[in-house]
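Trainee: I would like the atomic coordinates for the input below:
(2 chains)
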Amino acid sequence: MSQTVQSSGDHAPDENRRDFLILATTAVGVVGTGMALWPFVDSMNASKDVLALASVEVSLSNIPVGQAIKVMWRGKPVFIRHRTEREIKEADDVALNELVDPQTDDARVEKKEWLILVGVCTHLGCIPMGTATGETRGDYDGWYCPCHGSHYDTSGRIRKGPAPLNLEVPTYSFLTDTSVKIG
Amino acid sequence: MSAPVWNNKVVKWVDDRLPVFSMLHHSAYEYPTPKNLSYMWNFGSLAGFVLVTMILTGIFLVMNYTPHTDMAFDSVERIMRDVNYGWLIRYMHVNGASMFFICVYIHIFRGLYYGSYKAPREMLWWIGILILLAMMATAFMGYVLPWGQMSFWGATVITNLFSAFPIVGEPLVHWLWGGFSIGNPTLNRFFSLHYLLPFVILGLVVLHVWALHTVRSNNPTGVEAKTPQDSIPFHPYYTIKDLFGMGIFLIFFLFFVFFAPDFFGEPDNYIPANPLVTPPHIVPEWYFLPFYAILRSIDFSIFGVPAKLLGVLAMFASIVVLFVIPWLDTSKVRSSKYRPVYKWFFLILFIDCFILGYCGKKAPDDYFMGIEGLHVIVMGQLATLYYFAHFLVVMPIVGKLERPKPLPASISESVLKGGANA
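Mentor: Predicted coordinates:
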């Protein structure tokens, strides 16, 4: 299987033709096989019905100040916290150079009283505690991930522990004052 | 057949411990192949290619299929509408089943015409028949999975075949169903077996190829290769010929996939299964039609054996008879090319199978090809009679009485005299 084509000056034109044919055939074969395999790979990507569920609408009217809820969005929890004045102030008062992943609170919210986050720890994907009343909120009054001990503040920014990034802010828009569309 | 020398150190290291490269070299490179093989010898490798395609597409379909009576139909529709390229993968699988049978049927007729079942190739032939049986079981159970009307009623009719057996019939059918009718337990077990059997087929294919490489390929003359001049190495001569044939075959296959994906299918199977309504006209997939015609043609009882049981036995016998043809064929000549009388009977058998297929498709009371007075059921009975007579009567008698044409002394001689057309 490791034979080499013997080259000899007499047959050079013929061999060039043969080399060209072999290369061209191989190229067509490789590209063709790749194109034939792509549908199989792509069939494992999110399907149209999954993408169709990519946004949810949430009513905010039932969330009192100081409390938070979890809603499902794309199979993951989204935290929606109705922040108190004190929590907003805490988030604003942090100096950026204290942060692992520096970001101002204003950059993370559209309306100051509503903090909306993807509730998945940026370390290894656990759900941080602190949304339900009575759960521990960690050292920075936000969230605490029980898996590996990451602490998030009242803006969902990472403050302590192994997580590398702040809790992700999903794309969302307020449809009315009490209704938000996530995704 | 010298042992290959490996220059690459890694290849040699592996090969000294597990001779995979040597095995590949022997079986796919230097395997001495008769030099006169025609394009009729392409269909074995084509069938193998379709098997791989079926397994690959099947694995990806399973990723999105739900084997539950409430969800199966919808999950298949979701594959067609929502899953990326799901329509392509499913249509390749659906039409691949038909392609598999086309390849295998041509492969079988090739073997019948050129006497490839005769000594020393009986084991090779038997394993081939086992592959056909496994394919039939796989195709039948696969057809049930989309849980459409034809799935449900096809499953009902075919499983009810087993109720024809006395005493054990009813318990056997209830056992197959896992209940008192086709239902969720049936769907689940069919799904399980439909996933298992292709790998059984794959194993049988390995044995088939092993047996083939032990007894070597037959060829259009039916004369065994005697000298090195009669053979050429498999690679590059037949790898390139198989690849070229595969290109032509893919055009044929993909024509249906892209332009007529439901050509082989029944529209009724796009109606969700309904245990309360049977479709007005139930027909199996085309590849089962000849067997279905044999089943239906027995509408009479013999010696008190009811027609229902006889029909089932006849249908199974139509395949079982293939196991014994190495001994039913009494001719000393393999290839029908040199059998001036049998050749015509072979042609009749070939046409007979299409007549059986036609009869299987039509309602029993229709007229055959519109011929007034000739009912499909009668034509089916005549065709069934010939089918069995061909193997049980024609093969033994013609083999004894016929005077064959002179055989070439060797494959080389036949090639030099004008090859396959001589």
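Trainee: And the residue of chain A closest to chain B?
Mentor: Of all residues in chain A, the one sitting closest to chain B is A:Pro39 (3.5 Å; Cβ to the nearest Cβ). Heads up, the C-betas are built off the backbone N, CA and C, glycines and all.
Trainee: Can you read off the pLDDT for that residue?
Mentor: On the pLDDT scale, A:Pro39 is placed at 96.
Trainee: chain center to stretch B:51-65, what's the gap?
Mentor: The chain centre lies 19 Å from the centre of stretch B:51-65; the measure is Cα atoms, centre = their mean, to the nearest Å.
Trainee: Ramachandran angles for A:Ile182?
Mentor: phi -100, psi 130 (degrees, to the nearest 10).
Trainee: what about the closest residue to it other than its chain neighbours, how many neighbours?
Mentor: Leaving aside its sequence neighbours, A:Ile182 sits nearest to A:Tyr172 (Cβ to Cβ, 6 or more residues apart in numbering or on different chains; 4.6 Å). Around A:Tyr172 there are 20 other residues, counting by other Cβ atoms under 10 Å in any protein chain shown.
Trainee: How about B:Leu309?
Mentor: The number of residues packed around B:Leu309, counting by other Cβ under 10 Å, is 17.
Trainee: Skip the chain neighbours and tell me the closest residue to it.
Mentor: Nearest to B:Leu309 is B:Ala164, by Cβ to Cβ, 6+ apart, at 4.3 Å.
Trainee: Give me the pLDDT for A:Ala12.
Mentor: Value for A:Ala12, per-residue pLDDT: 64.
Trainee: Pretty sure the residue of chain A closest to chain B sits in a helix.
Mentor: Yes: the assignment for A:Pro39, made by DSSP: H, G, I helix; E, B strand; the rest coil, places it in a helix.
Trainee: Contacts only, for it.
Mentor: B:Asn84, B:Tyr85, B:Leu88, B:Ile89 (Cβ atoms under 8 Å, 6 or more residues apart in numbering or on different chains).
Trainee: Mind checking which of those residues are buried?
Mentor: For those, a burial check counting by 16 or more other Cβ atoms under 10 Å in any protein chain shown picks out B:Asn84, B:Tyr85, B:Leu88, B:Ile89.
Trainee: how many neighbours does the closest residue to A:Gly183 other than its chain neighbours have?
Mentor: Leaving aside its sequence neighbours, A:Gly183 sits nearest to A:Ser55 (Cβ to Cβ, 6+ apart; 3.3 Å). Look at A:Ser55: counted by other Cβ under 10 Å, it has 15 neighbours.
Trainee: try B:Pro34
Mentor: The tally of other residues near B:Pro34 (other Cβ under 10 Å) stands at 22.
Trainee: quick one, strands of the chain?
Mentor: Using chain A. Taking DSSP state E as the criterion, chain A carries its strands at A:56-59, A:68-73, A:76-82, A:114-118, A:141-145, A:150-153, A:158-160, A:172-176, A:179-182.
Trainee: should've been chain B
Mentor: Assigned by DSSP E, chain B shows strands spanning B:32-34, B:231-233.
Trainee: ok, the first one: who's next to it in the sheet?
Mentor: This points to strand B:32-34. According to DSSP bridges, strand B:32-34 forms sheet pairs with strand B:231-233 (antiparallel).
Trainee: mind listing the helices in chain A by residue range?
Mentor: Secondary structure of chain A (DSSP state H): helices located at A:12-42, A:48-52, A:85-93.
Trainee: hang on, the earlier thing: wait, the residue nearest to A:Ile182 sits on A:Gly183?
Mentor: Yes: counting by Cβ atoms under 8 Å, A:Tyr172 does reach A:Gly183; the two are 7.3 Å apart.
Trainee: Quick one: name the residues of chain A near chain B.
Mentor: Counting by Cβ under 8 Å from any Cβ of the partner chain, chain A comes close to chain B at A:1-2, A:38-40, A:42-45, A:47-50.
Trainee: Drop anything exposed from those.
Mentor: Burial by neighbour count, 16+ other Cβ under 10 Å: within these this picks out A:Pro39, A:Phe40, A:Ser43, A:Ser47.
Trainee: can you tell me which two in these are farthest apart?
Mentor: Pairwise distances across those (Cβ to Cβ) peak at 13.9 Å, for the pair A:Phe40 and A:Ser47.
Trainee: got a list of what the residue nearest to B:Pro261 when sequence neighbours are not counted touches?
Mentor: For B:Pro261, ignoring the flanking residues on the chain, the nearest one in space by Cβ to Cβ, 6+ apart is B:Tyr91 at 4.2 Å. Residues in contact with B:Tyr91 (Cβ under 8 Å, 6+ apart) are B:Val257, B:Phe258, B:Pro261.
Trainee: Ignoring the adjacent residues along the chain, who's closest to B:Arg216?
Mentor: Ranked by Cβ to Cβ, 6+ apart and with sequence neighbours excluded, the top spatial neighbour of B:Arg216 is B:Ala225, at 6.6 Å.
Trainee: what's the closest of the contacts of A:Pro39 to chain A?
Mentor: B:Tyr85 (3.5 Å).
Trainee: From the contact counts, what lies against the lowest-mean-pLDDT helix or strand in chain A?
Mentor: Lowest by mean pLDDT, DSSP states H and E among the helices and strands of chain A is helix A:48-52, with a mean of 86. On a contact count with 3 or more Cβ pairs under 8 Å, 6 or more residues apart in numbering or on different chains; DSSP states H and E, helix A:48-52 meets helix B:72-81.
Trainee: hang on, isn't B:Thr159 packed against B:Ile182?
Mentor: Yes: B:Thr159 lies in contact with B:Ile182 (Cβ under 8 Å); the separation is 6.9 Å.
Trainee: who has more neighbours, these two?
Mentor: When B:Thr159 and B:Ile182 are compared on other Cβ under 10 Å, the one with more neighbours turns out to be B:Ile182, at 26 against 20.
Trainee: Enumerate every residue touching the more buried one.
Mentor: B:Ile182 neighbours (Cβ under 8 Å, 6+ apart): B:Phe152, B:Ala155, B:Thr156, B:Thr159, B:Pro275.
Trainee: which parts of stretch B:392-405 are buried?
Mentor: Going by neighbour count (16+ other Cβ under 10 Å), the buried part of stretch B:392-405 is B:Val394, B:Met395, B:Pro396, B:Val398, B:Gly399, B:Glu402, B:Pro404.
Trainee: now swap in stretch B:347-359 and tell me
Mentor: For stretch B:347-359, burial by neighbour count (16+ other Cβ under 10 Å) applies to B:Leu349, B:Asp352, B:Cys353, B:Ile355, B:Leu356, B:Gly357, B:Tyr358, B:Cys359.
Trainee: Could you do stretch B:75-94 as well?
Mentor: Within stretch B:75-94, judged by 16+ other Cβ under 10 Å, the buried ones are B:75-76, B:78-79, B:82-94.
Trainee: what's the span of that stretch from first residue to last?
Mentor: One end of stretch B:75-94 to the other measures 16 Å (Cα to Cα, to the nearest Å).
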